[in-house]
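Enquirer: quick one, what's the 3D model for this:
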Amino acid sequence: MKTKIALLILFISGSLFAQEQKMTDAEVATFKQDVNVVSKKIKTLSTDFVQYKHLDFLSKDIETSGKMVFKEPALLQWQYKKPYNYSIVFKNGKILINDEGKKSAVDIGNSKIFGRINKLIVGSVSGNMFDDKEFTISYFKLKGQNLAKFIPKDATLKKYIKQIELTFDKEEATVVQVKLLESSEDYTRIVLKNKVINAKIDDSVFNN
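Expert: The predicted structure follows:
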């Protein structure tokens, strides 16, 4: 019996290891180059998303869904459609919030942490986040995907976000999932799908 349990543990450990393997330096260089080439070509991006909010005290993740729209250099809208209507726009140094018609605004310029988070969100969408001065970064291979894990070096930011994980489609070299791990055991996982790149998007889309 003990032998069977030991073999089972070895099998599970081997399977987990096979799912996530650390990249070699050469693989990291190729991966970063591929992503940077693609991200420089992205002028606009629209995508559906499903967001899963994991809270340690809840048995089931909170699921929401909607649409995200990005236009370079830094126009970004997250529009939640289910189970409620709620949109957030990052525009001209401000965060514009529309909660079921109730509108408010936050000036990013008044908050260093908001500015950093805004940069993180825009970077995670475009895939342009490979800044060794800001993060300790590790790279892994998955089946058909690549994974980059970012640990903030800034102590203040680390209080809000412990780690960011970006999962990339291996062929397209674009982000397909964003995972934000908070300082607690809570995290937010956002899955991107039905992406449309470089379609014409009018600035009026970002009027919130």
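Enquirer: any low-confidence regions in the protein?
Expert: Applying pLDDT under 70 to the chain flags the ranges 1-18, 109-118, 126-127.
Enquirer: tell me which residue is most central in it.
Expert: Relative to the mean C-alpha position of the chain, the nearest C-alpha, by Cα atoms, centre = their mean, is the one of residue 178, at 2.6 Å.
Enquirer: tell me the SS of the spatially closest residue to it that is not a sequence neighbour?
Expert: The shortest distance from residue 178 to any non-neighbouring residue, by Cβ to Cβ, 6 or more residues apart in numbering, is to residue 190 (4.5 Å). (Each C-beta comes from the backbone N, C-alpha and C, glycine too.) Per DSSP: H, G, I helix; E, B strand; the rest coil, the secondary structure class of residue 190 is strand.
Enquirer: same check, this time on the one 5 residues further on
Expert: In three-state terms, and counting by three-state DSSP, residue 195 is strand.
Enquirer: ok, it - how many residues close by?
Expert: Number of residues near residue 195 (other Cβ atoms under 10 Å) recorded here: 17.
Enquirer: where does the closest residue to it other than its chain neighbours sit, in terms of helix or strand?
Expert: Computed as Cβ to Cβ, 6+ apart, the closest residue to residue 195 that is not its neighbour in sequence is residue 47, at 4.3 Å. Assigned by DSSP states H and E, residue 47 falls within strand 44-54.
Enquirer: return the set of buried residues in the very next helix or strand once past that strand.
Expert: Per DSSP H and E, the first helix or strand lying C-terminal to strand 44-54 is strand 62-71. By 16 or more other Cβ atoms under 10 Å, the buried positions in strand 62-71 come out as 64-66, 68-71.
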